[in-house]
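1. when you get a sec, could you give me coordinates for this:
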Amino acid sequence: MSISAGHLVVRQLEAHGVQRVYSVPGESFLDVLDGLHDSPITTVVARHEGGAGFMALAEARLTGTPGIAMVTRGPGAANAMISVHTAWQDATALVLFVGLIPVADRGRDSFQEFSLDGWFGTTAKRVMVLDDEHRAAELVAEAMHAASSGRPGPVVVGLPEDVLVRLTGSAPGAPRPVPAPVPGAGTVDELVSRLAGAERPLIVAGGDGWGEDVDGRNAGTVLAAWAEAAQVPVAADWRAYDAVPHTSPAWAGYLGYYRSDALANRMAEADLLVFVGCGRSDVPSDGYTRGLEAGTVVVLPDPNAATHAGRIDQQIVATPASFTSALPAADAVRGARGPGWMQTLAAEQLKFATPAAENPATGVDLSVAFGLLEEKLPADRTITYGAGNATLWGHRYLTHAGPGSLVGPRNGAMGVSVPAAVAASLIHPDRVAVAVCGDGDFLMNGQELAVAVAHGAAPLVIVVDNGVFATIVQHQEKHYPGRPSGTSMVNPGFAALIEAFGGHGEDVHATADVAAAIDRALQAVTARKVPALLHLRTDPATMPPSTAAPEATA
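-> The predicted structure is shown next:
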């Protein structure tokens, strides 16, 4: 039977088990939208292409399968670029479909014409265009495979509107398997020797893929249990805090912006660093200043180790799951090492993650507020972050029970928190999804709360409002003290805004009011199943309680 290329694109996505497509509709891919009409795939209509892209990013992080976004040509593609850059730097599998002008109109500066490869060629793993209707299924399968294999990342697929309506006798094909290289016996023996001889080893876990199954458990839980038995502490890369459960005695905290000073010092003291799923980039190494001299093992699915800088003594080509499935017996790598090193790091992390009142001059004490949030949230929750100083109390005080419970932009893109929380609530409707964002971050994609209401999703949004772009103000005070410029904001009443969407909102001015406000918000999202927002008013002078360099944001 004949089928249009646009409908075949949809059938191939179905063959890959795609559950949701995040889209802002455009006339350039009407035939794909028509194919979705009768499809079991849920079409989630976003209000901005950046929001659609960030929802797809969250889908990938939380499910382990490539997130799918669909946008139109020109302006639509431009708006979606931020999610492609985030997926590129974060090594997250994303497939962005972009409707294009008809083939015959190319090169004429026609309406919304642009160069797909020129825009995305340096920021995506692959850029492909469907010029042959008979290859529609093949191209989709190739895009899904490219996004997932090796170092995961974004793939962009152009869909000319005239090609989409052409008929073909082609049929959907089976998904291409994604190879997972397994370390050989010699490689494992070398790792055993290095770990057994180390007095102060430290594992740094990061990237995606920790939720994959290893002998009935996820890879992160397997690694944590093994590390505890081997007496090796495990730290997490920036915004990969859910790689291993925080209840593990091996949990040592996170590296990156506003990390524990104690952990940063321990990283500098380590005599062996084992990076799994991530590399030594500028963020976890404090600008390439810590951990540069230690013996280094890098475990990545990318043979080029593109995310790693500096010394490598052993490179293992593996995914987090294939690496953990090949781990040697813990006894073999313990050597003469006692539990002291691991226990010291765990104790320091516990101290760092225990809230202490800061007593700001005005507004809500964020240490107390996030301590209460940690206490009152159910263990089974998903935390999503935007960028900027406002998120850092969440990083410090909110814990994770395991993989697939965090979405945050490792590239520092603002505007991720709300659309990611909306997607998280759709993916796991019985799990509380919490967006943590600043006032600037919220207003970049807060409109996606309309999507939550439309689909019955019920995220909880925490907006930290100090009336400034606080991260940039902190940089200004360091380099241009006493000369604030271009960083102040005038904000709306965020509680009233979410009520206009049909949700529950509260304006919180005092620390004493936080506990009851959290209770009412949780009742709204769990019992009434409506979105909720807590507008936390804070002192503009409040800065995160740590001394590490602040995050640079978009």
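2. need the helices for the stretch 1-150 of the chain, in chain order.
-> Here the stretch 1-150 of the chain has its helices, by DSSP state H, counting those that start in this stretch, at 5-15, 30-37, 49-63, 75-90, 116-120, 136-148.
3. nearest to residue 353 among these would be which one?
-> helix 49-63 (22.4 Å; C-beta to C-beta). Every C-beta, even on glycine, is put in place using the N, C-alpha and C of the backbone.
4. just the CA trace of the closest one, in PDB.
-> What follows is helix 49-63, C-alpha atoms only, in PDB (Å, rounded to 0.1, in the frame of the first residue of the first chain):
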ATOM      1  CA  GLU A  49       9.800  26.100  20.200                       C
ATOM      2  CA  GLY A  50      12.400  26.400  23.000                       C
ATOM      3  CA  GLY A  51       9.900  25.000  25.400                       C
ATOM      4  CA  ALA A  52       9.200  22.100  23.000                       C
ATOM      5  CA  GLY A  53      12.900  21.300  22.700                       C
ATOM      6  CA  PHE A  54      13.500  21.400  26.500                       C
ATOM      7  CA  MET A  55      10.500  19.100  27.000                       C
ATOM      8  CA  ALA A  56      12.100  16.600  24.500                       C
ATOM      9  CA  LEU A  57      15.400  17.000  26.400                       C
ATOM     10  CA  ALA A  58      13.600  16.000  29.600                       C
ATOM     11  CA  GLU A  59      12.000  13.000  27.800                       C
ATOM     12  CA  ALA A  60      15.400  11.800  26.900                       C
ATOM     13  CA  ARG A  61      16.900  12.300  30.400                       C
ATOM     14  CA  LEU A  62      14.000  10.600  32.200                       C
ATOM     15  CA  THR A  63      13.300   7.700  29.800                       C
END
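5. report the distance from it to the chain centre.
-> 9 Å (C-alpha atoms, centre = their mean, to the nearest Å).
6. helices or strands up against it?
-> In terms of contacts (3 or more C-beta pairs under 8 Å, 6 or more residues apart in numbering; DSSP states H and E), helix 49-63 is packed against strand 20-23, strand 67-71, helix 75-90, strand 94-100, strand 406-407, helix 417-427, helix 439-445.
7. so what does the third one touch, helix or strand wise?
-> To tie it back to what came earlier, the one meant is helix 75-90. Counting by 3+ C-beta pairs under 8 Å, 6+ apart, helix 75-90 packs on helix 49-63, strand 67-71, strand 94-100, helix 116-120, strand 154-160.
8. turn those into JSON lines, including mean neighbour count, mean pLDDT and distance to residue 263.
-> Below are the helices and strands packed on helix 75-90 laid out as JSON lines (neighbours: other C-beta atoms under 10 Å; pLDDT from 0 to 100; distance: least, C-beta to C-beta, whole Å):
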{"stretch": "helix 49-63", "mean neighbour count": "30", "mean pLDDT": "98", "distance to residue 263": "24"}
{"stretch": "strand 67-71", "mean neighbour count": "30", "mean pLDDT": "98", "distance to residue 263": "31"}
{"stretch": "strand 94-100", "mean neighbour count": "28", "mean pLDDT": "97", "distance to residue 263": "31"}
{"stretch": "helix 116-120", "mean neighbour count": "17", "mean pLDDT": "94", "distance to residue 263": "37"}
{"stretch": "strand 154-160", "mean neighbour count": "27", "mean pLDDT": "98", "distance to residue 263": "31"}
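9. can you lay out these as JSON lines showing distance to residue 172?
-> As requested, the helices and strands packed on helix 75-90 are exported to JSON lines (distance: least, C-beta to C-beta, whole Å):
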{"stretch": "helix 49-63", "distance to residue 172": "21"}
{"stretch": "strand 67-71", "distance to residue 172": "15"}
{"stretch": "strand 94-100", "distance to residue 172": "16"}
{"stretch": "helix 116-120", "distance to residue 172": "24"}
{"stretch": "strand 154-160", "distance to residue 172": "16"}
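10. who wins for proximity to residue 517 among those?
-> helix 49-63 (25.6 Å).
11. just to revisit the earlier point, out of the helices and strands packed on helix 75-90, which gets nearest to residue 406?
-> Using C-beta to C-beta, the nearest of the helices and strands packed on helix 75-90 to residue 406 is helix 49-63, at 7.5 Å.
12. between strand 94-100 and that closest one, find me the angle.
-> Counting by axes from the mean of the first three to the mean of the last three C-alpha atoms, to 10 degrees, helix 49-63 points 150 degrees away from the direction of strand 94-100.
13. returning to what we had before: now distance to residue 376 too, for the helices and strands packed on helix 49-63, in JSON lines please.
-> Putting the helices and strands packed on helix 49-63 into JSON lines (distance: least, C-beta to C-beta, whole Å) gives the following:
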{"stretch": "strand 20-23", "distance to residue 376": "29"}
{"stretch": "strand 67-71", "distance to residue 376": "30"}
{"stretch": "helix 75-90", "distance to residue 376": "29"}
{"stretch": "strand 94-100", "distance to residue 376": "33"}
{"stretch": "strand 406-407", "distance to residue 376": "18"}
{"stretch": "helix 417-427", "distance to residue 376": "17"}
{"stretch": "helix 439-445", "distance to residue 376": "21"}
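14. which of the ones you listed sits most buried?
-> helix 417-427 (a mean of 32; mean count of other C-beta atoms under 10 Å).
15. surely residue 32 meets residue 164?
-> Yes - taking C-beta atoms under 8 Å as the definition, residue 32 is a contact partner of residue 164 at 6.3 Å.
16. quick check: neighbours shared by the two?
-> 6, 9 (C-beta atoms under 8 Å, 6 or more residues apart in numbering).
17. can you give me the strands in the stretch 451-554 of the chain?
-> Assigned by DSSP state E, counting those that start in this stretch, the stretch 451-554 of the chain shows strands spanning 460-465, 504-508, 532-537.
18. how about the stretch 251-400 of the chain?
-> 251-254, 272-276, 295-300, 314-317, 381-385.
19. for the ones you listed, give me CSV that also has distance to residue 185, mean neighbour count and mean pLDDT.
-> CSV is the format used below for those (distance: least, C-beta to C-beta, whole Å; neighbours: other C-beta atoms under 10 Å; pLDDT from 0 to 100):
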stretch, distance to residue 185, mean neighbour count, mean pLDDT
strand 251-254, 29, 27, 98
strand 272-276, 18, 26, 97
strand 295-300, 16, 24, 96
strand 314-317, 12, 19, 96
strand 381-385, 38, 27, 98
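20. present the ones you listed as CSV; the columns should include distance to residue 37.
-> Output for the strands of the stretch 251-400 of the chain, formatted as CSV (distance: least, C-beta to C-beta, whole Å):
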stretch, distance to residue 37
strand 251-254, 44
strand 272-276, 43
strand 295-300, 41
strand 314-317, 43
strand 381-385, 30
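21. in this structure residue 313 contacts residue 194, no?
-> Yes - with contact defined as C-beta under 8 Å, residue 313 counts as touching residue 194 (7.3 Å).
22. who's more crowded, those two?
-> Set side by side, residue 313 and residue 194 show more neighbours around residue 194, with 19 against 13, by other C-beta atoms under 10 Å.
23. I'd like to know how far the closest residue to residue 458 other than its chain neighbours sits from residue 505.
-> Of all residues not flanking residue 458 in the chain, residue 525 sits nearest, at 4.3 Å (C-beta to C-beta, 6 or more residues apart in numbering). Here residue 525 is placed at a distance of 12 Å from residue 505 (C-beta to C-beta, to the nearest Å).
24. ranking helices and strands of the chain by mean pLDDT, which lands last?
-> helix 470-479 (a mean of 72; mean pLDDT, DSSP states H and E).
25. got the CA coordinates for that helix in CSV?
-> What follows is helix 470-479, C-alpha atoms only, in CSV (Å, rounded to 0.1, in the frame of the first residue of the first chain):
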residue,chain,number,x,y,z
ALA,A,470,21.7,37.3,40.6
THR,A,471,24.5,35.2,38.9
ILE,A,472,25.4,38.1,36.7
VAL,A,473,25.2,40.6,39.6
GLN,A,474,27.7,38.4,41.4
HIS,A,475,30.1,38.6,38.5
GLN,A,476,29.6,42.3,38.3
GLU,A,477,30.3,42.8,42.0
LYS,A,478,33.6,40.9,41.5
HIS,A,479,34.8,42.7,38.4
